[in-house]
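# fold the following.
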Amino acid sequence: MTTPSANPDRETRQRRFERVLSLEPFTGLKAVLDSLCHNPQALCEAVDGTKSYDDLLAKLGYAHRVVRQIHVQDAFSRVGAAGGIKSVVPYYDIPTQRSLPTLVNFDFTVTSTPESSGFFNDLLTALKAQWDA
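All right, here's what the predicted structure looks like:
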């Protein structure tokens, strides 16, 4: 008798998560998540136990600030400890032709617009559905 973990052909939940997250529809979400957490296992566990984008950010130790708009060029000029911005994720969604920037700040906050927040919340929902399928 073989157990599921003894079968090398069986995909682990962690590997499935990483594979699904790397698919085309999730590239923007992956870019944001990669700038927040460098530990794939911790990221997998955080996503597994969340229901929303805000909840995921909180589990990763970040508060979420929503602002009316983000000027990407200005944000890039403020990258660094003095400017308070750790990284800028200037995601542009081609199918919807929307700019959905996200800022990761040194004070453990993530700044996004209402549009990008909703977009990444929807992507997280789709990721979880495909991961569980």
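
# dump the residue contacts of the residue lying closest to residue 107 once chain neighbours are set aside.
Using Cβ to Cβ, 6 or more residues apart in numbering and skipping the chain neighbours, the partner closest in space to residue 107 is residue 84 (6.7 Å). In this view, the C-beta of every residue, glycine as well, is placed from N, C-alpha and C. Shown in contact with residue 84 (Cβ atoms under 8 Å, 6 or more residues apart in numbering): 78, 105-107.

# likewise residue 90?
Counting by Cβ under 8 Å, 6+ apart, residue 90 touches 72, 99, 101.

# distance check, it against residue 76.
From residue 90 across to residue 76, the span is 8 Å (Cβ to Cβ, to the nearest Å).

# likewise for residue 126?
Using Cβ to Cβ, residue 126 is found at 29 Å from residue 76.

# which residue ranges of this structure form strands?
For the chain, the strands defined by DSSP state E occupy 63-66, 85-93, 98-105, 109-112.

# out of the ones you listed, indicate the one that is most buried.
Mean neighbours per residue, mean count of other Cβ atoms under 10 Å, is largest over the strands of the chain for strand 109-112, with a mean of 22.

# these two touch, right, residue 18 and residue 40?
Yes - judged on Cβ atoms under 8 Å, residue 18 makes contact with residue 40 at a distance of 5.9 Å.

# about what we covered before: just flag the most distant two among the contacts of residue 84.
Longest distance between any two of these is 12.9 Å, between 78 and 107; criterion Cβ to Cβ.

# nearest spatial neighbour of residue 112, chain-adjacent residues omitted?
Closest residue to residue 112 apart from its sequence neighbours, by Cβ to Cβ, 6+ apart: residue 102 at 4.8 Å.

# if anything else comes up later, I'll come back, but that's it for now.
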